[in-house]
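In: The amino acid sequence is not available; the structure is as follows:
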């Protein structure tokens, strides 16, 4: 069980690193959108928001898997 929890911690770290990068890219997209014409800016804002939402969902899933492993 301890090995499983250790593995889950390593996997969580390896997954969260690219997710954090994705979140930073989404924030950069939002900042750059302000320099675009209105319609493309809205689309970029929408895409950045969707990416942020997906990152939050993935982080939540990781948290839930770790919590479930601890309950075992």
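Out: Done, it's in. None of the values given here were measured: they were computed from a predicted structure.
In: Which helix or strand contains the most centrally placed residue in the chain?
Out: With distances taken as CA atoms, centre = their mean, residue 55 lies nearest the centre of the chain, 2.2 Å away. Using DSSP states H and E, residue 55 maps to helix 38-71.
In: Show me what that helix is packed up against.
Out: helix 2-33 (3 or more CB pairs under 8 Å, 6 or more residues apart in numbering; DSSP states H and E). In short, each C-beta sits where N, CA and C put it, glycine included.
In: Let me see the mean pLDDT of the helix it packs on.
Out: Averaged across helix 2-33, pLDDT comes to 92.
In: What angle do helix 38-71 and that helix make with each other?
Out: Counting by axes from the mean of the first three to the mean of the last three CA atoms, to 10 degrees, helix 2-33 lies at 170 degrees to helix 38-71.
In: List the neighbours of stretch 26-38 that are in contact with it.
Out: Residues outside stretch 26-38 that contact it (CB atoms under 8 Å, 6 or more residues apart in numbering): 40, 41, 42, 44, 45, 47, 48, 49, 51, 52, 55.
In: same thing but 7 Å
Out: The contact list for stretch 26-38 (CB atoms under 7 Å, 6 or more residues apart in numbering) reads 41, 44, 45, 47, 48, 51, 52.
In: on that earlier part again, verify the stated contact: the residue nearest to the centre of the chain with residue 22.
Out: Yes: Residue 55 is within contact range of residue 22, at 5.4 Å (criterion: CB atoms under 7 Å).
In: Which one (most neighbours) among the contacts of stretch 26-38?
Out: Neighbour counts for the contacts of stretch 26-38, by other CB atoms under 10 Å, peak at residue 48, which reaches 20 neighbours.
In: List the residues that contact the residue nearest to the centre of the chain.
Out: Going by CB under 7 Å, 6+ apart, residue 55 touches 19, 22, 23.
In: Now with 8 Å, please.
Out: Contact partners of residue 55, counting by CB under 8 Å, 6+ apart, are 19, 22, 23, 26.
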